[in-house]
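**Student:** Provide a 3D model corresponding to the input given below.
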Amino acid sequence: MGPGLARASDAAGKIDTGDTAWILISTALVMLMTPGLAMFYGGMVRSKNVLGTIMHSFIAIALVSVQWVLFGYSLAFGPDVNGL
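**Tutor:** Numbers count the residues shown, from 1 in each chain. Okay, here's the model as predicted:
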């Protein structure tokens, strides 16, 4: 086994807290963009359609949040399968 493979196998099982913190902070910032995006889209339509347009943005972020709880967390932090 070469030295590169030995380092790769040693680092594969460790979770870097800095990387995890970066991903979680980035996710939170993207989720905070949703109200701004909803207001931007709301400003592009007629006044009678503003509420529906804003609700589309919030429903989308709600669905993404549910999908993260159901599937994403286990994909990101679950056990690896054959080294993947």
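**Student:** Only C-alpha atoms from now on, for both contacts and neighbour counts.
**Tutor:** Fine.
**Student:** buried ones in the longest helix anywhere in the chain?
**Tutor:** Scanning the chain for the longest helix, with DSSP state H as the assignment, gives helix 17-43. Buried residues in helix 17-43, counting neighbours by 16 or more other Cα atoms under 10 Å, are found at 31, 34, 38, 42.
**Student:** ok, and what's touching the helix or strand hosting residue 58?
**Tutor:** Using DSSP states H and E, residue 58 falls within helix 50-67. Residues outside helix 50-67 that contact it (Cα atoms under 8 Å, 6 or more residues apart in numbering) are 31, 34-35, 37-39, 41-43, 45.
**Student:** For it, give the mean pLDDT please.
**Tutor:** Helix 50-67 shows a mean pLDDT of 93.
**Student:** next helix or strand past it?
**Tutor:** helix 73-77.
**Student:** For that next one, could you pull out the residues that count as buried?
**Tutor:** Under 16+ other Cα under 10 Å, helix 73-77 has no buried positions.
**Student:** State the mean pLDDT of that helix.
**Tutor:** The model assigns helix 73-77 a mean pLDDT of 84.
**Student:** tell me the phi and psi of residue 78?
**Tutor:** phi -80, psi 180 (degrees, to the nearest 10).
**Student:** on that earlier part again, out of the buried residues of helix 17-43, who's nearest residue 72?
**Tutor:** Top of the list for closeness to residue 72, among the buried residues of helix 17-43 and by Cα to Cα, is residue 31 at 15.1 Å.
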